[in-house]
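**Student:** Predicted model and sequence below, questions to follow.
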Protein chains: 2
Amino acid sequence: MIYSVIMAGGIGSRFWPRSREARPKQFINVFEEQSLLQQTLTRMAPLVPPERTLVVTHERYADLTREQLPALPEEQILGEPISRNTAPCIAYAAIKIQAMDPEAIMIVLPADHLVRKEERFLKILQQAVEVAKQPGALVTIGIQPSYPATGYGYIQYDPSESSRDGACRVRTFAEKPDEATAERFLDSGDFLWNSGIFVWRADAILTNLQTHLKSTWRAFEEASQHLGTHYENAAIRQAYYKSTRISVDIGIMERAGNVYVVPGNFGWSDIGDWRAVYDLSNKNRHGNVLRGNVIVHDTSRCLVNAGTRLIAVVGIHDVVVVDTDDALLICHQNSTQQVKNVVDYLHANQHKNFA
Amino acid sequence: MIYSVIMAGGIGSRFWPRSREARPKQFINVFEEQSLLQQTLTRMAPLVPPERTLVVTHERYADLTREQLPALPEEQILGEPISRNTAPCIAYAAIKIQAMDPEAIMIVLPADHLVRKEERFLKILQQAVEVAKQPGALVTIGIQPSYPATGYGYIQYDPSESSRDGACRVRTFAEKPDEATAERFLDSGDFLWNSGIFVWRADAILTNLQTHLKSTWRAFEEASQHLGTHYENAAIRQAYYKSTRISVDIGIMERAGNVYVVPGNFGWSDIGDWRAVYDLSNKNRHGNVLRGNVIVHDTSRCLVNAGTRLIAVVGIHDVVVVDTDDALLICHQNSTQQVKNVVDYLHANQHKNFA
């Protein structure tokens, strides 16, 4: 059977002040009526029903997840006691799924991404599932790059070795590049954006965990003895504290053999900051994206996201405005990556209630 | 005796959203702990005590005035039933003062201006009072222009005829000029900014009213019979409805003989918009004027006036931000005159609660 694992543990501080430590990006509705997490569950439903979906999140967000996903059986919300990046998160999900179905295939995906072409997306996932049926295969989804992005990691594939399922063998993973490198990647034609979406059999990822991240594997292997008992929570807590803080990309994918990528093009974005929200939104004829009670005069290329207050914007161009009950952000479109600095400042200066 | 008349009936829509129809500019604290009205009373106190000060305002602001000026005897707040510009306002004050002291000299001044050099200001007023003692003299205070302002009216004086009190005879009054005309005024050396501050005997202004604005004079002449009786309010109401809507500058000063100007230089501004507040405020080393709970990052030449909320400003230059509980303004420094348009829009579009 196919299971999906939605990773919902991120903080998303670049969406301050709409996102907060108490309600990160995946729990807010950036575009739609639904939160990004809710959209992710809905998007997957034709392929994987909620009954076979796990959501892994920090335990402090378990209540919020339950509230936002009433269709999800409560025991399928896996609370992480501490954030240790994606490798332990995936290990936890893998032992849970393995216990339910030793032959299971897992689709692992972030809770806070945007997909605008949902049918194509599902088709690509189905392809990836076919590839993942090969013994030991680890499959990633790569996005056809449309511009030399510096905000994404890249996957280089081997163009000479493509399988009948449209998958290519992966040559290397590359971290977020500088501009010149990103240009070179784009020109080369054999680099894809790393979407952070993975498909594999649970036993395949556990075998690779054993090979490449031994202590993490051992921690979860021990914990797996206690699944379904009163000791489960305590055992998982121990496993997390014994695990290495590392991403699955660096900890496993870069080191493993038998790694494939399925290239896709389905209107994907990781919506990294408010600028991305602006870029991905429908604009009016002045290039403005206005939400809520907003009056504009001689204003263009602005994203104005009002809360309960009236906002009047006069003579302003290329600016993002996000208003909430207790905090307001005014930020140039070219500075939206720096919003993170504001949150860091708030943490460092006893303003944690705003962070 | 010397009386002062503080004109506090303005709307000041260019200070939205801090100023509202329910609390116009003169009642808000633009710079200091005190409102502009309170500062005006305090500033005048060494020359004219509250016991001889009248405040003329729209009757809807009478309570607010009472609240802000507890030292002012309640009966010295004159409520106007309708706004008819400055000529009827001055007529009302003149008949009240005339009834108390037929020899009285009146200093008439707006409630919402800034004076930074208070001692010099009082000295200039004392000079003007001396000039106003001449029978029939109407005296204005003119400001030495420091730049070719297009936002002020001008007074041209006759340089050949200056009196021993430092007053000059007025040749003409000029409306707000265009830029070229303003340059010419400045170069000529005999033009001053019209401060809207006047000094005269009550009987002198009433005589001129009789000559130049006959119907307004007759209306208030009739009303003056009922001062101190139960009919006073009704009589004043009638007088306002019978009066002409006109400024004292146009209705009387431009037409009268015997008009003098005393030139002064006392750090004066009519603080016409948020830009003026920025210009007149102390700035930090990035040229920012920050008030309240504000975090800035890569931001310069901004005025940020926070309410109860935290405001974070990132990558923004030359912008005014004014936050209140129910409305927020974000406006380029070069567009602050257009804030008036927002208020007009609110009035025209059933958003009067925000106006």
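**Tutor:** Happy to help now that I have it.

**Student:** so what's residue A:228 up against?
**Tutor:** Going by Cβ atoms under 8 Å, 6 or more residues apart in numbering or on different chains, residue A:228 touches residue A:99. Glycine gets a C-beta too; all of them are placed from N, C-alpha and C.

**Student:** In three-state terms, how would it be classified?
**Tutor:** The three-state label given to residue A:228 by DSSP: H, G, I helix; E, B strand; the rest coil is coil.

**Student:** per-residue pLDDT, it?
**Tutor:** We note a pLDDT of 90 for residue A:228 in this prediction.

**Student:** now do residue A:30
**Tutor:** 86.

**Student:** Now do the contacts for residue A:342.
**Tutor:** Contacts for residue A:342 (Cβ under 8 Å, 6+ apart) come out as A:16, A:329, B:295, B:297, B:312, B:314.

**Student:** which of these lies closest to residue B:107?
**Tutor:** Checking the contacts of residue A:342 against residue B:107 by Cβ to Cβ gives residue B:295 as the nearest, at 44.9 Å.

**Student:** Now do the phi/psi pair for residue A:136.
**Tutor:** Geometry field for residue A:136 lists phi and psi as phi 80, psi 0, criterion degrees, to the nearest 10.

**Student:** What count of nearby residues applies to it?
**Tutor:** By the criterion of other Cβ atoms under 10 Å in any protein chain shown, residue A:136 has 15 neighbours.

**Student:** Mind putting the contacts of residue A:342 into JSON lines with distance to residue B:92, secondary structure and pLDDT?
**Tutor:** Formatted as JSON lines, the contacts of residue A:342 follow (distance: Cβ to Cβ, whole Å; DSSP: H, G, I helix; E, B strand; the rest coil; pLDDT from 0 to 100):
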{"residue": "A:16", "distance to residue B:92": "54", "secondary structure": "coil", "pLDDT": "94"}
{"residue": "A:329", "distance to residue B:92": "49", "secondary structure": "strand", "pLDDT": "97"}
{"residue": "B:295", "distance to residue B:92": "49", "secondary structure": "strand", "pLDDT": "95"}
{"residue": "B:297", "distance to residue B:92": "53", "secondary structure": "strand", "pLDDT": "95"}
{"residue": "B:312", "distance to residue B:92": "49", "secondary structure": "strand", "pLDDT": "97"}
{"residue": "B:314", "distance to residue B:92": "51", "secondary structure": "strand", "pLDDT": "97"}
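
**Student:** can you name the two of the residues you listed that are farthest apart?
**Tutor:** A:16 and B:297 (12.2 Å).

**Student:** overlap in contacts of the two?
**Tutor:** Counting by Cβ under 8 Å, 6+ apart, the residues touching both residue A:16 and residue B:297 are A:342, B:312.

**Student:** More neighbours: which of these two?
**Tutor:** Neighbours around residue A:16 and residue B:297, counted as other Cβ under 10 Å, are more numerous at residue A:16. The numbers are 26 against 16.

**Student:** Helix, strand or coil: sort out the residue lying closest to that one once chain neighbours are set aside for me.
**Tutor:** Nearest non-adjacent residue to residue A:16, counting by Cβ to Cβ, 6 or more residues apart in numbering or on different chains: residue A:343, 4.9 Å away. Put simply, residue A:343 is helix when judged by three-state DSSP.

**Student:** swap in residue A:46?
**Tutor:** Under three-state DSSP, residue A:46 comes out as coil.

**Student:** Okay, residue A:60 and chain B: tell me how far apart.
**Tutor:** For residue A:60, the distance to chain B equals 23 Å [Cβ to the nearest Cβ, to the nearest Å].

**Student:** Dihedrals phi and psi, that residue?
**Tutor:** Dihedral angles (degrees, to the nearest 10) for residue A:60: phi -70, psi -20.

**Student:** what's the pLDDT at it?
**Tutor:** With respect to pLDDT, residue A:60 has a value of 94.

**Student:** What count of nearby residues applies to it?
**Tutor:** 13.

**Student:** Residue A:308 too?
**Tutor:** By other Cβ under 10 Å, the residues close to residue A:308 number 11.

**Student:** for the one 4 residues further on, same thing?
**Tutor:** The local packing of residue A:312 (other Cβ under 10 Å) involves 26 other residues.

**Student:** Might you report the residue contacts of the residue nearest to residue A:16?
**Tutor:** Here residue A:343 is in contact with A:13, A:16, A:355 (criterion: Cβ under 8 Å, 6+ apart).

**Student:** need the contact list for the residue most central in space within chain A.
**Tutor:** When Cα atoms, centre = their mean is applied to chain A, the residue found nearest the centroid is residue A:110 (2.6 Å). Neighbouring residues of residue A:110 by Cβ under 8 Å, 6+ apart: A:6-8, A:10, A:26, A:40, A:196-197, A:270.

**Student:** export the lowest-mean-pLDDT helix or strand in chain A as PDB, just CAs?
**Tutor:** Lowest on mean pLDDT, DSSP states H and E among the helices and strands of chain A sits strand A:154-162, with a mean of 87. Output in PDB follows, covering the C-alpha atoms of strand A:154-162 (Å, rounded to 0.1, in the frame of the first residue of the first chain):
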ATOM      1  CA  TYR A 154      19.600  21.300  -7.100                       C
ATOM      2  CA  ILE A 155      19.800  17.700  -8.200                       C
ATOM      3  CA  GLN A 156      22.000  16.700 -11.100                       C
ATOM      4  CA  TYR A 157      20.900  13.700 -13.000                       C
ATOM      5  CA  ASP A 158      22.700  11.400 -15.500                       C
ATOM      6  CA  PRO A 159      21.000  12.100 -18.900                       C
ATOM      7  CA  SER A 160      22.300   8.800 -20.400                       C
ATOM      8  CA  GLU A 161      20.500   6.600 -17.900                       C
ATOM      9  CA  SER A 162      16.800   7.200 -17.900                       C
END
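
**Student:** quick one: the helix or strand just after it to chain centroid distance?
**Tutor:** Sequence order places strand A:168-174 as the next helix or strand after strand A:154-162, per DSSP states H and E. With Cα atoms, centre = their mean, to the nearest Å as the basis, strand A:168-174 stands 20 Å off its chain's centre.

**Student:** Excluding covalently adjacent residues, which one is nearest to the residue in the stretch 101-250 of chain A that chain B sits nearest to?
**Tutor:** Residue nearest to chain B within the stretch 101-250 of chain A: residue A:151 (17.2 Å; Cβ to the nearest Cβ). Among residues not flanking residue A:151 along the chain, residue A:272 sits closest, at 5.3 Å (Cβ to Cβ, 6+ apart).
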